[in-house]
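Asks: Compute the structure for the input listed below.
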Amino acid sequence: LLITPTLPISPFTAGNNEPPGGKYHDWMEWPPFSYPFNLTQQPAASHPCGLDDQGLPVGLHIV
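Replies: Numbering: from 1, shown residues only. Model prediction:
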């Protein structure tokens with residue numbers, strides 16, 4: 001069992017491929033905990049586990 005955050009950043013506006021601010025230039029830079037398991041087709045789940053300081057949801061990634 002491997003437990004990580006679903007994402008290392010807070011949610012951003014839908015319709016964008018990268019979060020605003022210019023820190024990330026490719027979609028594979030901001031979801032480092034989930035895309036390797038998606039690409040290798042390993043079973044995993046994301047479970048809501050709280051809210052960030054702006055009241056947006058935070059996820060727990062269970063592999």
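Asks: now the farthest one out in the protein, which residue is it?
Replies: L1 (18.0 Å; C-alpha atoms, centre = their mean).
Asks: any idea how far the lowest-mean-pLDDT helix or strand in the chain is from the chain center?
Replies: When each helix and strand of the chain is scored by mean pLDDT, DSSP states H and E, helix 35-39 comes last, with a mean of 86. Relative to its parent chain, helix 35-39 has a centroid offset of 12 Å by C-alpha atoms, centre = their mean, to the nearest Å.
Asks: quick one on the thing from earlier: check contacts around the residue farthest from the centre of the chain.
Replies: 62-63 (C-beta atoms under 8 Å, 6 or more residues apart in numbering). Every residue, glycine included, has its C-beta placed from N, CA and C.
Asks: And it, how far from A45?
Replies: 11 Å (C-beta to C-beta, to the nearest Å).
Asks: With adjacent residues omitted, what lies nearest to I3?
Replies: Excluding the flanking residues, the one nearest I3 by C-beta to C-beta, 6 or more residues apart in numbering is I62, at 5.6 Å.
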